[in-house]
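> Pasting the sequence and the predicted coordinates here, then a few questions.
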Amino acid sequence: MRHFSNLKELLSGATRIVVVGVGYDLGKDDAVGIEVADLLEGKHPAITPFKTYTAPENFTKAIVGESPSHVVFVDGAKMGLEPGEIRIIENDEIKDTSFSTHTMPLTLISKYVCNRAKAKSVIIGIEPKHFGFCEDRQLSNEVTVAAKTVADAILAVFNDV
C-alpha cells in the first residue's frame, strides 16, 4: 500500500478525472465512497463523480464514455489500520484487503475500465470504524474527515495549477 500523500504524483498530468464512489449508502462507514462522490459533485468541470453504490460494474460504460485520463475508485476497506486512515491500494494488494459490500473485485473493474478508456487508475481505501446497517448515511467522525481529505486532494490536482 502506498501512503495517501502519493496521490498527487499518481494523478499528475490528469486532464479529466472520474471518481467512482463505491459503498452501501445505508451501511455506516461503508458509504464513504458515496460521500466522496457527493463532496465532489459540481466542484470542477474536469472531475466527474459517479455514485456506484455496491455495483460499480454497472457503470463501466458510462465511466468509459467520460473519456477520463484517470479513474479514482474510493471505497471503505478493512486494512487493519486506524479508523479513517487512507491508503492507495495497488491492484496486486486487493486480495489482502477486505473491501465492503460489492461482489465484483475492484481490480477487475479497474483493469477493464482503464483498458477501454486508455486511462490510469488509482484505488483509494479508507479504513472504516463501523460497518453495519443504518437508516441513513452515518459516517463516523474519523471517516467523515477522511472523505473530505480525499475530496480536497482530488480537487487540488486542478486547483493548484
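Arrived safely.

> Next, I123: phi, psi?
When read as degrees, to the nearest 10, the backbone of I123 gives phi -110, psi 120.

> show me the contacts for it.
72-73, 75, 88-91, 94, 106-107, 110 (CB atoms under 8 Å, 6 or more residues apart in numbering). To be clear about C-beta, it is placed using only N, CA and C from the backbone, and glycine gets the same treatment.

> got a list of contacts for the longest helix anywhere in the chain?
Assignment by DSSP state H gives helix 141-159 as the longest helix of the chain. Residues outside helix 141-159 that contact it (CB under 8 Å, 6+ apart) are 4, 7-8, 11-12, 14, 17, 19, 29, 32, 35-36, 39-40, 43-44, 46-47, 72, 74, 76, 82-86, 124, 126-129, 139.

> follow-up on the earlier one: mind listing which of the contacts of I123 are in helices?
106-107, 110.

> Can you list phi and psi of Y24 for me?
The phi/psi pair for Y24 (degrees, to the nearest 10) reads phi -100, psi 110.

> actually S12, not the one I wrote
phi -60, psi 140.

> if I look at the nearest residue to K120 once chain neighbours are set aside, how far off is A156?
Counting by CB to CB, 6 or more residues apart in numbering, H70 is the residue found nearest to K120 once chain neighbours are left out, at 5.0 Å. Distance, H70 to A156, using CB to CB, to the nearest Å: 14 Å.

> now swap in S69 and tell me
16 Å.

> about what we covered before: got a winner among the ones in helices among the contacts of I123 for most neighbours?
L106 (24 neighbours; other CB atoms under 10 Å).

> How about P49, nearest residue that isn't a chain neighbour?
A37 is the one closest to P49 (CB to CB, 6+ apart), at 3.8 Å.

> Can you check the pLDDT for the one you found?
At A37, the pLDDT value in this model is 98.

> what about it, distance to V150?
When distance is defined by CB to CB, A37 is 10 Å away from V150.

> K111 and V157, how far apart?
K111 is 22 Å from V157, by CB to CB.

> The two: who's more crowded?
V157 (21 against 13).

> Lowest-scoring secondary structure element of this protein by mean pLDDT?
Least confident helix or strand, the chain: strand 98-99 with a mean of 46, by mean pLDDT, DSSP states H and E.

> Check which helices and strands the host helix or strand of the residue nearest to P49 is in contact with.
With secondary structure defined by DSSP states H and E, A37 is part of helix 32-40. Applying 3 or more CB pairs under 8 Å, 6 or more residues apart in numbering; DSSP states H and E, we find helix 32-40 packed against strand 17-22, strand 47-53, strand 70-78, helix 141-159.
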